[in-house]
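> how does the following fold in three dimensions:
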Amino acid sequence: VWRHILATRKLVLKPEEQIDELVDFSRLARKSQRLALSLQALSPLLSSRSSKPRSAAILRADPRTVKLPLSHPRVCLAYLSHLWDAGDDKKSLLNRLESLLGESKPPMTPRG
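Got it, this is the predicted structure:
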């Protein structure tokens with residue numbers, strides 16, 4: 001049912017307008033061990049409209065080279081969760097998550 005709903009919505013909405021639905025669908029696909037479907041749901045959110053690669057290239061890309069959209073932390077976490085469930089190197093995933101957290105922190109300003 002989800003696939004049909006998302007396919008219909010794709011005709012009208014941009015991926016950026018349905019982030020919550022695509023991330024939720026990816027989570028459901030991961031829970032049912034359908035990892036290819038999980039990545040397929042996330043790939044439009046990982047490719048930007050202004051640059052290549054497009055979503056088809058994301059499916060073939062080395063996971064370490066995929067640029068994560070820092071403006072959408074939920075997408076970043078969903079992609080890293082997908083890689084975790086897919087059996088990617090846990091230590092490198094934790095390091096990547098740690099570096100993302102460092103990049104997304106606002107700079108500290110002294111109180112005074």
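> following the helix-or-strand element of the chain with minimal mean pLDDT, which helix or strand comes up?
Ranking every helix and strand in the chain by mean pLDDT, DSSP states H and E puts helix 55-60 at the bottom, with a mean of 64. Next helix or strand after helix 55-60 toward the C-terminus (DSSP states H and E): helix 73-85.
> next SSE downstream of that following helix?
Taking DSSP H and E, what comes next after helix 73-85 is helix 90-104.
> list the buried residues of stretch 20-32.
Using 16 or more other C-beta atoms under 10 Å as the test for burial, stretch 20-32 gives 21-23, 25-27, 29-30. (Each C-beta comes from the backbone N, C-alpha and C, glycine too.)
> likewise for stretch 86-95?
residue 93.
> contacts for that stretch next, please.
Under the contact criterion C-beta atoms under 8 Å, 6 or more residues apart in numbering, stretch 86-95 has outside partners 35, 39, 63-64, 80, 83-84.
> what's the closest of the residues you listed to residue 102?
Nearest to residue 102 out of these is residue 80 (C-beta to C-beta; 14.5 Å).
> ok, now which ones touch that closest one?
68, 93, 96-97, 100.
> confidence score at residue 107?
With respect to pLDDT, residue 107 scores 59.
> in helices, which of the buried residues of stretch 20-32 appear?
Members of these lying in helices (criterion: DSSP state H): 21-23, 25-27, 29-30.
> shaky segments in the chain?
1, 48-60, 104-112 (pLDDT under 70).
> what's the neighbour count on residue 64?
Per other C-beta atoms under 10 Å, the neighbour tally for residue 64 reads 11.
> so how far is the host helix or strand of residue 44 off the chain centroid?
Assigning secondary structure by DSSP H and E places residue 44 in helix 35-46. Relative to its chain's centre, helix 35-46 lies at 7 Å (C-alpha atoms, centre = their mean, to the nearest Å).
> mind listing what's buried in that helix?
35, 37-46.
> can I get these in a markdown table with distance to residue 13?
Below are the buried residues of helix 35-46 laid out as a markdown table (distance: C-beta to C-beta, whole Å):
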| residue | distance to residue 13 |
| --- | --- |
| 35 | 25 |
| 37 | 19 |
| 38 | 20 |
| 39 | 20 |
| 40 | 17 |
| 41 | 14 |
| 42 | 16 |
| 43 | 16 |
| 44 | 11 |
| 45 | 12 |
| 46 | 17 |
